[in-house]
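[1] Okay, sequence plus prediction incoming.
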Amino acid sequence: MTTASQPTIWTRSRLLGIAIALAVFAVFVVANAHLVFVSFMSQPDCVLTSSKQGAAFRAAKPSC
């Protein structure tokens, strides 16, 4: 009598799919961490004030 073989759960294509998904997720996390790091490191302390009227929004402190 032969025993029924159990189906394998971890096939090569499933492992490859999981590995690709983890790699994409890792790239996403690292890219976002890099963007946050660069945004905090590149904040200028002061900028020249604009003489234009109507400039309501500024990205940094208006002057030193």
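    Yep, that arrived. Bear in mind that the values here come from a model prediction, so they are computed numbers and not experimental data.

[2] Which stretches in the chain count as helices?
    12-41 (DSSP state H).

[3] what's the pLDDT at residue 49?
    Note on residue 49: pLDDT of 57.

[4] In this structure, where is pLDDT below threshold?
    Residues of the chain that meet the criterion pLDDT under 70 lie in 1-4, 43-64.

[5] please redo it, this time with the cut-off set to 90
    The chain contains residues with pLDDT under 90 at 1-10, 39-64.

[6] Can you give me the neighbour number for residue 34?
    Using other Cβ atoms under 10 Å, residue 34 has 10 other residues around it. Where you see a C-beta, it was placed from the backbone N, CA and C, and this is true even at glycine.

[7] Please renumber the chain so that the first residue is 468 from this point on.
    With 468 as the first residue, the last one maps to residue 501.

[8] Roughly how far does it sit from residue 494?
    Residue 501 sits 10 Å away from residue 494, going by Cβ to Cβ, to the nearest Å.

[9] Equivalent analysis for residue 505, please.
    Taking Cβ to Cβ, one finds residue 505 at 16 Å from residue 494.

[10] Near residue 493, how many other residues are there?
    Counted with other Cβ under 10 Å, residue 493 comes out at 10.

[11] any idea how far residue 475 lies from residue 482?
    11 Å.

[12] no, scratch that, I was asking about residue 506
    In terms of Cβ to Cβ, residue 506 sits 36 Å off from residue 482.
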